[in-house]
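Trainee: build me a model from this:
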Amino acid sequence: MNKRSPWQILQPYVQVFDGPLVLIVGAILVLGTVTLYSAGIDFPGRIEDHVRNIMIALMVMWIAAVIPPQTLMRFAVPLYIIGVSLLIGVAMFGLIRNGARRWINVGMIIQPSEIMKIAMPMMLAWFFQKREGMTRWREFTVAGLLLIVPVGLIMRQPDLGTSLLVLASGLYVIFFAGLSWKVIAAAVVATLASLPIVWSMLHDYQRGRVLTLIDPTTDPLGKGFHIIQSTIAIGSGGVTGKGWLNGTQAHLEFIPERTTDFIFAVFSEEFGLIGNCILLLLYLFLIGRGMIIAANAPTLFSRLLAGAITMIFFTYAFVNMGMVSGILPVVGVPLPFVSYGGTAFVTLGLGVGILMSIQRHRKLMQS
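Mentor: Prediction:
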């Protein structure tokens, strides 16, 4: 009997991965792990937890890549219903931490809003697939209602960052489904007109973030401290950076949340403008590959879902880099595959796995 080589044994398990996506995500993970090691050197066990989170995310990625898009489509409605039900449960008897009610104990403590980052685009992609060829204002109105419910529940917790990500994920699907530019323009005008009302509904700390964005020096030791220190770190990195493990702002503990939301400041200080350009190129490659997969997807559901997931990666990176650079308000959005965090890693891994599933099963349908 001929013995099979290790590659022949592993090939059925490995071939589900999309080569370009694996290389891009792998490169970002390497940069993220190196940066986290430096940023978390004073946090015992942080790097070990990070590696564990990567392993879990890769497993979730592989499982999602194996599942056909048709099967994912069957999960869309149940997952959405479960997510909204859990959000209602959080509103009624969720756990309060740091003044926010975002978690619920269902045998284990989970944050249901994270589920909606994937459940929302899946649900809307399913809806437009079922209504293919009948996308009139009525369909877009129903889609808007499906989107508003979970976004409103998440904002009530309050969790502005996650609510914006869920809102964006749904809006991307609606846009790719063929929403008229006239409607988009009207929505932009309506949004601008409603800003005074929205301002009155914001919590004090949320208003403070906006005011701090405009002029962080008004409270340099309080609300403006995060932005001031992060911009100092980014600027001090210069073109080539101070070198790995040599970031003074990070190691002298001037950068708050330096392993999570503000890890980009650590990266910028140690690797400089050149490192930032490399990281930006990797994210652009990730978005480009995702858009290629979306454009070649065989069904409307697959196209909408792949496009929305890809744009979620863009939103994560753009918002995080923008808030750390002082361009956008601080809303607590992690840098994809770089920031420390278990739940975010699982969500991102699931998203990449779905893209791989869509690409793999397109090839199978063509063969």
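
Trainee: since we're on the closest residue to Ile293 other than its chain neighbours, how many residues are nearby?
Mentor: Counting by C-beta to C-beta, 6 or more residues apart in numbering, the nearest residue to Ile293 once its immediate chain neighbours are dropped is Gln359, at 4.7 Å. All C-beta spots, glycine's among them, are computed from the backbone N, C-alpha and C. Residues within reach of Gln359, counting by other C-beta atoms under 10 Å, total 26.

Trainee: list the buried residues in whichever helix or strand Gln359 is part of.
Mentor: Using DSSP states H and E, Gln359 maps to helix 342-366. Of the residues in helix 342-366, 344-362 count as buried by neighbour count, 16 or more other C-beta atoms under 10 Å.

Trainee: flag every buried residue along the longest helix seen in the chain.
Mentor: Across the chain, the helix with the greatest residue count (assigned by DSSP state H) is helix 263-296. Neighbour counts using 16+ other C-beta under 10 Å place 263-272, 275-276, 279, 282-283, 285-287, 289-290, 293-294 of helix 263-296 among the buried residues.

Trainee: tell me which other helices or strands it touches.
Mentor: helix 19-39, helix 225-236, helix 248-251, helix 300-324, helix 342-366 (3 or more C-beta pairs under 8 Å, 6 or more residues apart in numbering; DSSP states H and E).

Trainee: tell me the most buried of those?
Mentor: With neighbours taken as mean count of other C-beta atoms under 10 Å, those reach their highest mean count in helix 300-324, at a mean of 24.

Trainee: now do that one: distance to the chain's middle.
Mentor: Computed by C-alpha atoms, centre = their mean, to the nearest Å, the separation of helix 300-324 from the middle of its chain amounts to 7 Å.

Trainee: show me what that helix is packed against.
Mentor: Using 3+ C-beta pairs under 8 Å, 6+ apart: helix 300-324 touches helix 69-93, helix 112-130, helix 160-176, helix 225-236, helix 263-296, helix 342-366.

Trainee: give me that answer again for 7 Å
Mentor: Packing contacts for helix 300-324, counted by 3 or more C-beta pairs under 7 Å, 6 or more residues apart in numbering; DSSP states H and E, involve helix 69-93, helix 112-130, helix 160-176, helix 263-296, helix 342-366.

Trainee: quick one: low-confidence parts of the stretch 1-150 of the chain?
Mentor: Residues of the stretch 1-150 of the chain meeting the criterion pLDDT under 70: 1-14, 98, 133, 135.

Trainee: if we can go back for a sec, residues making contact with the helix holding Gln359?
Mentor: 16-18, 21, 25, 53-54, 56-58, 60-65, 67-69, 72, 111, 114, 117-118, 290, 293, 296-298, 302, 305-306, 309, 312, 334, 336-337 (C-beta atoms under 7 Å, 6 or more residues apart in numbering).

Trainee: ok, of those, which come out buried?
Mentor: Buried among the contacts of helix 342-366 by 16+ other C-beta under 10 Å: 16-18, 21, 25, 53-54, 57-58, 60-62, 64-65, 67, 69, 72, 111, 114, 117-118, 290, 293, 297, 302, 305-306, 309, 312, 334, 336-337.

Trainee: domain-wise, how is this structure divided?
Mentor: 22-66+217-360, 78-201 (automatic domain parsing).

Trainee: would JSON lines of those with distance to Leu211 be doable?
Mentor: JSON lines is the format used below for the domains of the chain (distance: least, C-beta to C-beta, whole Å):
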{"stretch": "domain 22-66+217-360", "distance to Leu211": "7"}
{"stretch": "domain 78-201", "distance to Leu211": "11"}
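
Trainee: closest to Arg207 out of the ones you listed?
Mentor: domain 78-201 (7.0 Å; C-beta to C-beta).

Trainee: quick one: end-to-end length of that closest one, please.
Mentor: Taking C-alpha to C-alpha, to the nearest Å, domain 78-201 runs 32 Å from one end to the other.

Trainee: please name the nearest non-neighbouring residue to the residue most central in space within the chain.
Mentor: In the chain, the centroid-proximal residue (C-alpha atoms, centre = their mean) is Tyr316; its distance is 4.4 Å. What sits nearest to Tyr316 in space, not counting adjacent residues and going by C-beta to C-beta, 6+ apart, is Pro336, at 4.6 Å.

Trainee: that neighbour and Leu23, how far apart?
Mentor: 16 Å (C-beta to C-beta, to the nearest Å).

Trainee: circling back: I'd assumed the residue nearest to Tyr316 was in a strand, is it?
Mentor: No: Pro336: not assigned to a strand; according to DSSP: H, G, I helix; E, B strand; the rest coil it is coil.

Trainee: can you give the contact residues for stretch 311-326?
Mentor: Outside stretch 311-326, the residues that touch it by C-beta under 7 Å, 6+ apart are 117, 165, 168-169, 172, 213, 216, 227, 230-231, 234, 261-262, 264-265, 283, 286-287, 290, 328-331, 333-336, 351.

Trainee: let's see 8 Å
Mentor: 117, 121, 161, 164-165, 168-169, 172, 213, 216, 227, 230-231, 234, 261-262, 264-265, 283, 286-287, 290, 328-331, 333-336, 339, 348, 351 (C-beta atoms under 8 Å, 6 or more residues apart in numbering).
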